[in-house]
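Participant: Quick one, fold the following:
(chains A and B)
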Amino acid sequence: MICPRCAHDTVDTVTTSPVPGVWDVLQCVRCLYMWRTTEPDRRTRREAYPVEFRMTPADIETAPEVPVVPPLLVG
Amino acid sequence: MPYDDLRSFLDTLDKESQLLRITEQVLPEPDLAAAANAAGRIGEGAPALYFDNVKGFTDARIAMNVHGSWRNHALALGLPPDTSVREQVEELARRWDAFPVVPERREDAPWRENTQLGPDIDLFKVLPLFRLNDGDGGFYLDKAAVVSRDPRDPDHFGKQNVGTYRIEVIGRDRLAFQPVPMHDVAQHLHAAEESGEDLPIAITLGNDPVITIVAGMPMGYDQSEYEMAGALRGAPAPIATAPLTGFDVPWGSEVVIEGVVESRKRQIEGPFGEFTGHYSGGRRMPTIRVDRVSYRTDPIFESLYLGMPWTEVDYLVGPNTCVPLLKQLRAEFPEVQAVNAMYTHGLAVIVSTKKRYGGFAKAVGMRAMTTPHGLGYVTQVIVVDEDVDPFDLPQVMWAMSAKVNPQDDVIIVPNLSVMALAPAADTSGITSKMIIDATTPVAPDDRGHFDTPVRDLPETPEWTERLRALIAAR
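Facilitator: The predicted structure is shown next:
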């Protein structure tokens, strides 16, 4: 299993369905993308994940800060 | 009759046939969002949706589209369901004048029934979380009332803010959220981060329908949303003390989440299909550590679908954006007759006004851009004459087509502020803004040939009422 969005190979199971065995909720540890295993392929499978929503490590690291962290007040 | 919690309002919607219970089993994705998306496409009378049979869950209760039609918006305010949009805005403006109404503190909040603390916190055990749009980065809390205080003046009741912000669930006890710099919570966070301190926060879900309306209302920084809720309800707003933060939170909430915004930290968040009808990109946003969750037994998870307008959020923030702009414009310019700021939270605004002298309408347009809400929104203002109803778009288009000489009546001002989500801005947060003066020029601005307008016949108002009565009696 790799992240559909950033292709990272470490994915955590965040929760499982209250009715056992129906679905899991997974999360990429790098880009934090979260998905349920019963969602359509366009949200869960790397090969079907839309290009416009994919992320690279550079996208994550250089994403704009909103809001910008202010300077620390001195004294 | 004011509603003290979400459940009593859902009961009224049910009685008015404005709540649709979907009993057959649905998938959490894509069914929940798709159904709410569809509700926004079926017309002005769309009902709220209630789901309690969602695949994989044992006890999910999900309410969507609660404010998602003019009928539901009217009922939330205790008005007849067929109240027109303009009448709803005028009634809100009338009730506004009762502000402030001191809230009523109660100690027996139903969300005290259940608690999660520290390592036992698991938001997934309390809420049936789900995704809305395809490109969303995850599951969102998008209809909360978020409470925070000014760290420089924590005892000032009015500076305590109640606002709605998008919140992504990024872990069992972790959230990321978006404080747009123009919004009050961003000022609170700025002050806390300047001192290197965490900002305590309370996130309340499933609130009474008027708290949700005021949480999305552009109010003054030191004006209390609870005191405004009392004015709009016609009765004091019931509040209670949140156990961890000590903040004032709605008495009737389904769930109260407390924790801190972690100082000076940012983490990747989004994208999210926003109210602009466009995704915001992935951004590094503040994170929240959840320290306590309080919730009613069998909580109802209220969420809203948003995407390409119109969706529920447009009904929710449409009228409540018109009113402060109307009040603020009239404070300086009593000639202003009505304000329609219902398009994308007021990115485009239509103002009708009398003219004091030549050039006056353009001044009204500029003032709209410099109101507190206008600084982050109001990129386009159309100003029309006093006899044009800004809520009647064919009339507005008539004014645009007949009264505007582009060379003289379109003004573009470069490099003004706008909230970062505005998709047309070249540099995020900076945009040009435009005034279209679609009023009739008056002296000494002598232009055009407007001296022989066609007016409604004197008998027309009487006949309008006669026709309405005949139609109602059919």
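
Participant: what does chain A put close to chain B?
Facilitator: Within chain A, the positions near chain B by Cβ under 8 Å from any Cβ of the partner chain are A:5, A:14-15, A:17-19, A:22-23, A:25, A:27, A:31-36, A:38-40, A:42-43, A:50, A:52-53, A:55, A:59-60, A:63-67, A:69-73. Bear in mind the C-beta positions are built from the backbone N, C-alpha and C, glycine included.

Participant: Chain neighbours aside, what residue packs nearest to residue 30?
Facilitator: By default, I'm working from chain A. A:His8 (4.1 Å; Cβ to Cβ, 6 or more residues apart in numbering or on different chains).

Participant: could you do chain B instead?
Facilitator: Nearest in space to B:Pro30, with sequence neighbours left out and distances taken as Cβ to Cβ, 6+ apart, is A:Pro40 at 6.4 Å.

Participant: related to what we said a few turns ago, what's the local residue count around the residue nearest to A:Arg30?
Facilitator: 16 (other Cβ atoms under 10 Å in any protein chain shown).

Participant: Show the contacting residues for residue 34.
Facilitator: Went with chain A since none was named. A:14, A:25-28, B:137-139, B:169-170 (Cβ atoms under 8 Å, 6 or more residues apart in numbering or on different chains).

Participant: Let's see that with 6 Å instead.
Facilitator: A:27, B:138 (Cβ atoms under 6 Å, 6 or more residues apart in numbering or on different chains).

Participant: Geometric centre of the chain: which residue is closest?
Facilitator: Here I'm looking at chain A. Most central in chain A under Cα atoms, centre = their mean is A:Tyr33, positioned 1.2 Å from the mean C-alpha point.

Participant: try chain B instead
Facilitator: B:Val317 (2.8 Å).

Participant: distance of that residue from chain A?
Facilitator: According to Cβ to the nearest Cβ, to the nearest Å, B:Val317 and chain A sit 20 Å apart.

Participant: Where does the prediction get shaky in chain A?
Facilitator: A:75 (pLDDT under 70).

Participant: Same question for chain B.
Facilitator: B:1.

Participant: Residue numbers of it in contact with chain A?
Facilitator: With Cβ under 6 Å from any Cβ of the partner chain as the criterion, chain B comes near chain A at residues B:29, B:56-58, B:124, B:135, B:137-138, B:170, B:181, B:186, B:190, B:193-194, B:196, B:264, B:266, B:268, B:282-285, B:420.

Participant: Just the endpoints, please. Distance across stretch B:407-425?
Facilitator: Terminal residues of stretch B:407-425 lie 24 Å apart, using Cα to Cα, to the nearest Å.

Participant: Now it: buried residues?
Facilitator: Neighbour counts over stretch B:407-425 (16 or more other Cβ atoms under 10 Å in any protein chain shown) mark B:409, B:416-422, B:425 as buried.

Participant: Could you do stretch B:378-388 as well?
Facilitator: By neighbour count with 16+ other Cβ under 10 Å, stretch B:378-388 contains the buried residues B:378-385, B:388.

Participant: okay, how far is it across it, tip to tip?
Facilitator: Terminal residues of stretch B:378-388 are spaced 20 Å apart (Cα to Cα).

Participant: Likewise for stretch B:249-266?
Facilitator: Where stretch B:249-266 begins and where it ends lie 26 Å apart, using Cα to Cα.

Participant: Stretch B:414-430 too?
Facilitator: 9 Å.

Participant: Quickly note the distance from B:Ala361 to B:Leu306.
Facilitator: Using Cβ to Cβ, to the nearest Å, B:Ala361 is found at 33 Å from B:Leu306.

Participant: pull the longest helix from the chain.
Facilitator: If you meant another chain, say so; for now it's chain A. In chain A, assigned by DSSP state H, the helix with the most residues is helix A:57-62.

Participant: try again with chain B
Facilitator: What stands out as the longest helix in chain B, according to DSSP H, is helix B:312-332.

Participant: tell me which residues of that one are tucked away?
Facilitator: Buried residues in helix B:312-332, counting neighbours by 16+ other Cβ under 10 Å, are found at B:312-329.

Participant: and if you look at stretch A:65-73?
Facilitator: Within stretch A:65-73, the residues scored as buried using 16+ other Cβ under 10 Å are A:66-67, A:69.

Participant: Tell me which residues are up against stretch B:120-128.
Facilitator: A:15, B:57, B:60, B:62, B:169, B:172-173, B:290, B:293, B:295, B:301.

Participant: if you look at the residues you listed, which of them are in strands?
Facilitator: Taking DSSP state E, the ones among the contacts of stretch B:120-128 that sit in strands are A:15, B:62, B:169, B:290, B:293, B:295, B:301.

Participant: Could you pull up the residues touching B:Arg152?
Facilitator: If you count contacts by Cβ under 6 Å, 6+ apart, B:Arg152 has them with B:Ala191.

Participant: That one is in what secondary structure piece?
Facilitator: Using DSSP states H and E, B:Arg152 sits in no helix or strand.

Participant: Give me the distance between it and chain A.
Facilitator: For B:Arg152, the distance to chain A (Cβ to the nearest Cβ) stands at 11 Å.

Participant: Phi, psi for that residue please.
Facilitator: Dihedral angles phi and psi of B:Arg152 (degrees, to the nearest 10) take the values phi -80, psi -20.

Participant: B:Ile350 versus the residue of the stretch 351-474 of chain B found nearest chain A, what's the distance?
Facilitator: Per Cβ to the nearest Cβ, B:Ala420 is where the stretch 351-474 of chain B lies closest to chain A, at 5.9 Å. Taking Cβ to Cβ as the measure, B:Ala420 falls 24 Å from B:Ile350.
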